[in-house]
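J.: A structural model of the following input is requested.
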Amino acid sequence: MTRTTPPDSRSKDDERRRWPKSVMAAAASVLMLTGCSGAAPNNDDSANEVGLERFMAQELEFGACDASIVDSQPPVPQVVEAAEKTECAMLTVPMDYDNLDGATIEIAISRISATGGNPIGSVLLNPGGPGAAGTTLAPLVNALWTGGPIPERFDIVGFDPRGVGLSTPAIDCYSDEERDADAPLSALGEWTEESARAIVDKCAAGSGSTEVLAHLGTRDVARDMDVLRSALGDDKLTYAGVSYGTRLGSVYAEMFPENVRALVLDGAVDPLVDTADRRIQLSEGLQASFQRFADFCVTRAACPLGTDPTQATAAAQELLQPLDRKPLVAADGREFGFLAASEGIVSGLYSEASWPAIIAGLTELEAGRPDALLAIRDGYYGRSDNGEYTNSFEALFAINCLDEERFTEEEMAQLGHDLNEAVPFLDPGSTPHAQDGCEFWPAEPTLGYPYATDIDGLPEVLVVSATGDPVTPHEGGISLADTLGARLLTVEANQHGTIISANACVDGAIADYLIDLELPDEGARCTI
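T.: Okay, the predicted model is just below:
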């Protein structure tokens, strides 16, 4: 069924529809999930260990936030106002939960307090990645939900997972100049044995030690989240996670089911598929999204992909593949090659609102000017006007090295072939190097596949999944809901994640669940 718009939320939805589409598209790009390259899970419940109580019982000292909390927000008055009233703190957690007397990590926290007189507690947010900063997401979500009941009843809390953003130590593997040069961090990059060995040394040097690199996985973050729940004074966790955030929420549910109050899992990662199959699934989703974009593009006056959508993939290859051999030069002097072009297009595919920007970028690229497409890529990676990057993608790489399965050279060669077949518009036209970038990481993976299965005592969970999600396809949402015994809300939309959609149907379903634990009807659907 289609969920009807609650009467009292129509004015809020109408008001937010006046926000520039470019702002909503930029907000959507924070919801990330890509793959790098897991072993038996460690199901030890460290919360019961003697010595953890001093972390669980700590009192958070909230005060002024880092300037980036305000500076990173889109230029929308409601969002800036929310950022300006945000308060921040640092949470201390063990670096290694098997060594509670050892080194510690500081987790950055942001909070906008509930405005009503009958607060329920905190709703904890994770924007995905892994590697995206939750401290900057909290003001955006608060602004989007303002006018509805959630900010009245809950403190809106964001956190930067260990290694991410303002948390310390933060993962730092490359200089800004190396990031501009597309150092081989991404799933689209090419690794050699030399660069895969060198990345460990570079990340360890920039982040403090190899010990830091060994304790960044999702299971460690789930333990941190339980410490944060306790430090916030919540008996049970209320949580909303997007993209990778659905993996984090699912793992938390597996490890601490008795501590769950409510979980909203939006843009679901399938817990049953292994690393190779998930990367193929992601690639197939990107190809399907590109085809929907192409169908839209040919309706425009001048589509750079031509007039026949069935030939759009070939047209994209004709534009992109020459960049692998002969990069262009942007106005600021940066080289613009195949990888940067691919990243620009993929970033734009995260939301239908960005499709016109992709058309503009490809039109400029066709004329030999890469700057418009490069700007989309820069926005996705958090590159500032002065050339500084956030550490989101470096953190993504490092965290995935501890979550994802690793491959031999033969397996990497086969996977590269399979990925090129799954997403042919991004086929570089050359044979990828057969090297796993995580091969020499200083610790074995800790997530394990499948995960979050056969959980006893888990309360009802809400899974939200868009039918046209480019990177976490709808089939993954169906699988996650089945695995957790959760209720599925299907959203008819071409975008990744729906929490930041400013849609009354989605917002109403989430509010009913978070506040009253009332799930939407079986088969409920929303349209964006």
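J.: my guess is residue 60 contacts residue 231. True?
T.: Yes: assessed by CB atoms under 8 Å, residue 60 is found in contact with residue 231 at 5.4 Å. Just so you know, the C-beta spots here come from the backbone N, C-alpha and C atoms, and that holds for glycine as well.
J.: what mean pLDDT does stretch 114-132 have?
T.: The pLDDT scores in stretch 114-132 average 94.
J.: where do the contact lists of residue 60 and residue 231 overlap?
T.: Residues touching both residue 60 and residue 231 (CB atoms under 8 Å, 6 or more residues apart in numbering) are residue 91.
J.: who's more crowded, these two?
T.: residue 231 (20 against 17; other CB atoms under 10 Å).
J.: give me every residue that touches the more buried one.
T.: So residue 231 contacts 55, 56, 57, 58, 59, 60, 91 (CB under 8 Å, 6+ apart).
J.: residue 226 now?
T.: Taking CB under 8 Å, 6+ apart, we find residue 226 in contact with 47, 56, 237, 252, 255, 256, 259.
J.: most neighbours among the residues you listed, please name it.
T.: Neighbour max across those (other CB under 10 Å) = residue 252, 28 neighbours.
J.: let's see the pLDDT reported for residue 183.
T.: At residue 183, the pLDDT value in this model is 70.
J.: next up, identify which helix or strand it is on.
T.: Under the criterion of DSSP states H and E, residue 183 resides outside all helices and strands.
J.: next one: it from residue 316, what distance?
T.: 24 Å (CB to CB, to the nearest Å).
J.: more neighbours, the two?
T.: More crowded of residue 183 and residue 316, by other CB under 10 Å: residue 316, with 22 against 18.
J.: the helices in the stretch 201-350 of the chain, which residues?
T.: Counting by DSSP state H, counting those that start in this stretch, the stretch 201-350 of the chain has helices at residues 210-213, 218-231, 244-255, 275-297, 312-320, 322-325, 338-349.
J.: let's have those helices in CSV, adding mean pLDDT and distance to residue 400.
T.: Below are the helices of the stretch 201-350 of the chain laid out as CSV (pLDDT from 0 to 100; distance: least, CB to CB, whole Å):
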stretch, mean pLDDT, distance to residue 400
helix 210-213, 96, 12
helix 218-231, 98, 10
helix 244-255, 98, 9
helix 275-297, 96, 9
helix 312-320, 97, 25
helix 322-325, 92, 24
helix 338-349, 94, 17
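J.: can you say which of those helices is packed in most?
T.: Ranked by mean neighbour count, those are led by helix 244-255 with a mean of 28 (mean count of other CB atoms under 10 Å).
J.: so that helix versus helix 218-231, what angle?
T.: Note on geometry: by axes from the mean of the first three to the mean of the last three CA atoms, to 10 degrees, helix 244-255 and helix 218-231 are set 80 degrees apart in direction.
J.: next one: helix 244-255 to chain centre, how far?
T.: Here helix 244-255 is found 13 Å from its chain centre; the criterion is CA atoms, centre = their mean, to the nearest Å.
J.: numbering from 602 from now on, please.
T.: Shifting the count to begin at 602 puts that one at helix 845-856.
J.: wait, a strand at residue 756?
T.: Yes: under DSSP: H, G, I helix; E, B strand; the rest coil, residue 756 falls within a strand.
J.: how close does it get to residue 688?
T.: As judged by CB to CB, residue 756 and residue 688 stand 10 Å apart.
J.: now do the shared contacts for these two.
T.: Here residue 756 and residue 688 have 712, 713, 714 as joint contacts, going by CB under 8 Å, 6+ apart.
J.: the last one - nearest residue in space that isn't next to it in sequence?
T.: Distance criterion CB to CB, 6 or more residues apart in numbering; nearest residue to residue 714, sequence neighbours excluded, is residue 756 at 5.3 Å.
J.: ok, what's across the strand from that neighbour?
T.: residue 723 (DSSP bridges).
J.: that one and residue 720 touch, don't they?
T.: Yes: using CB under 8 Å, residue 756 is in contact with residue 720, at 7.0 Å.
J.: who's more crowded, the two?
T.: Legend: neighbour count by other CB under 10 Å for residue 756 and residue 720, higher for residue 756 (23 against 13).
J.: residue contacts, the more buried one?
T.: Contacts of residue 756 (CB under 8 Å, 6+ apart): 712, 713, 714, 715, 720, 722, 723, 724, 833.
J.: and the pLDDT for it?
T.: With respect to pLDDT, residue 756 has a value of 97.
J.: where exactly do the strands run in the stretch 902-1051 of the chain?
T.: 929-930, 936-937 (DSSP state E, counting those that start in this stretch).
J.: redo those strands as CSV? Include distance to residue 1070.
T.: Output for the strands of the stretch 902-1051 of the chain, formatted as CSV (distance: least, CB to CB, whole Å):
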stretch, distance to residue 1070
strand 929-930, 31
strand 936-937, 28
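J.: winner for burial among these?
T.: strand 936-937 (a mean of 18).
J.: quick one: average confidence on that one?
T.: Here strand 936-937 scores 94 as its mean pLDDT.
J.: ok, now stretch 1095-1108?
T.: For stretch 1095-1108, mean pLDDT rounds to 89.
J.: cool, thanks, signing off.
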